[in-house]
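Participant: pasting a predicted model and its sequence here:
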Protein chains: 2
Amino acid sequence: MERRSDCPISFALDLFGDRWSLLVVRDLALKGKHSFSELAASDEGVATNVLSDRLARLEEAGVILKSRDPADGRRYVYRLSGAGKDLLPVLVELIVWSATHDDATAAPASFVRAAKRDREGLLRRLRASLDD
Amino acid sequence: MERRSDCPISFALDLFGDRWSLLVVRDLALKGKHSFSELAASDEGVATNVLSDRLARLEEAGVILKSRDPADGRRYVYRLSGAGKDLLPVLVELIVWSATHDDATAAPASFVRAAKRDREGLLRRLRASLDD
DNA sequence: AATTATAACTTGCGATTTGCAATCTAATTA
DNA sequence: TAATTAGATTGCAAATCGCAAGTTATAATT
């Protein structure tokens, strides 16, 4: 992907400005998914070629790490890198925005409340849950 | 656009999960642009048909407001709605992420510093600058 | 050992979306 | 009234999409 300008927002959109990349990050960050087949089974129904492409892009961009599953050689384990974990604040803000402006959203009320009242604490807890 | 699931992140991506929508929001929120031709002149070089489509989508979604320019009947004035202004935190987090993980980014250091040290204050100031 | 099943891709293909250039309409200016 | 400008539309090649089928490697079953 060619970088379109030196704008930081443009840079971020060059990496994950599409309808799928941040869903992969969401599943790794918030849903405890780690394998291709788990990621492929999302509610939104990613096509496997698209998932494969996004995983490769995100790995290339240093957002996710890919390693073999020591327990099953057919599997790979996908997890967030440091840069990937740093996307947690972005995810949280997207959740808050949708929870505020979309009536039909399924964001847990407790999550949204925590995001508004104790953002730092929530982020710390989310980060900690990824680090073990 | 058909909604893919009831997930709040998915909902947000259905609205602006592409390479251009948030650049339009950026230009309205942070660059003081208000007309089609100003938006079309962005560094990233949007095609006018794409810009036209994104403006229509964002207006339909209630993120931007479109009104005639009282001073020039050929022009329209585009500005952020309340929901659009609520995207400021998302933009800020994207800027912080890119500033942290992209060496070539052009994010003003003072902006990034403010975002990290006094997030609430920065958001308040940005919001205030949009409300007049 | 041979077969069957599973995980992660990859390929093929029609349909949609994109970017770019060339219009087009309406309003303004000369 | 002629030329210019703003915003949007159209045509078309190229890229990307979703879906289904195929491929390769590993694991489980018989």
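Facilitator: Thanks, I have the structure now. Numbering: from 1, shown residues only, chains lettered A, B, ... in the order given.
Participant: my guess is residue A:114 contacts residue A:120, does it?
Facilitator: No - at 10.3 Å, residue A:114 does not count as touching residue A:120 under the criterion of Cβ atoms under 8 Å. The way it works is simple: take the backbone N, C-alpha and C, and place the C-beta from them, glycine included.
Participant: who's more crowded, those two?
Facilitator: Set side by side, residue A:114 and residue A:120 show more neighbours around residue A:114, with 17 against 8, by other Cβ atoms under 10 Å in any protein chain shown.
Participant: where's the residue lying closest to residue A:8 once chain neighbours are set aside relative to residue B:105, distance?
Facilitator: Leaving aside its chain neighbours, residue A:8 sits nearest to residue B:98 (3.4 Å; criterion: Cβ to Cβ, 6 or more residues apart in numbering or on different chains). Here the criterion is Cβ to Cβ, to the nearest Å. By it, residue B:98 lies 5 Å from residue B:105.
Participant: residue A:66 bridge partners, please.
Facilitator: Bridge pairing for residue A:66 (DSSP bridges) gives the partners residue A:78.
Participant: helices along chain A, start to end?
Facilitator: A:8-16, A:21-30, A:36-40, A:48-60, A:82-85, A:88-101, A:109-117, A:119-130 (DSSP state H).
Participant: format those helices as CSV; extra columns: distance to residue B:48 and mean pLDDT.
Facilitator: Shown next, in CSV, are the helices of chain A (distance: least, Cβ to Cβ, whole Å; pLDDT from 0 to 100):
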stretch, distance to residue B:48, mean pLDDT
helix A:8-16, 18, 92
helix A:21-30, 26, 95
helix A:36-40, 37, 93
helix A:48-60, 28, 92
helix A:82-85, 34, 96
helix A:88-101, 28, 97
helix A:109-117, 38, 96
helix A:119-130, 39, 97
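Participant: got the residues of chain A near DNA strand D?
Facilitator: Contact residues, chain A versus DNA strand D (Cβ under 7 Å from any atom of the strand): A:18-20, A:45-50, A:53, A:72-74.
Participant: just the buried subset of those, please.
Facilitator: Burial by neighbour count, judged by 16 or more other Cβ atoms under 10 Å in any protein chain shown, picks out A:18-20, A:46 from those.
Participant: now, the most widely separated pair of those residues?
Facilitator: Greatest spacing in these, by Cβ to Cβ: A:18 and A:46 (11.2 Å).
Participant: hey, what's in contact with both of those two?
Facilitator: Common contact partners of residue A:18 and residue A:46 (Cβ atoms under 8 Å, 6 or more residues apart in numbering or on different chains): residue A:54.
Participant: name the residues that touch stretch A:115-124?
Facilitator: A:88-89, A:92, A:95-96, A:111, A:114.
Participant: can you rerun that using 6 Å?
Facilitator: A:88, A:92, A:96, A:114 (Cβ atoms under 6 Å, 6 or more residues apart in numbering or on different chains).
Participant: excluding chain neighbours, what is closest to the residue nearest the centre of chain A?
Facilitator: Most central residue of chain A, judged by C-alpha distance to the mean C-alpha position with Cα atoms, centre = their mean, is residue A:25 at 1.4 Å. Once flanking residues are discounted, residue A:25 sits nearest to residue A:87: 5.4 Å by Cβ to Cβ, 6+ apart.
Participant: for the one you found, the count of nearby residues, please.
Facilitator: Neighbours of residue A:87 (other Cβ under 10 Å): 25.
Participant: and if you look at residue A:29?
Facilitator: Neighbour tally, residue A:29, other Cβ under 10 Å: 23.
Participant: show me the contacts for it.
Facilitator: residue A:88.
Participant: that one and residue B:95, how far apart?
Facilitator: Taking Cβ to Cβ, one finds residue A:29 at 20 Å from residue B:95.
Participant: likewise residue A:77?
Facilitator: Distance from residue A:77 to residue B:95, by Cβ to Cβ: 31 Å.
Participant: between those two, which is the more surrounded one?
Facilitator: Higher neighbour count among residue A:77 and residue B:95: residue B:95, with 23 against 15, using other Cβ under 10 Å.
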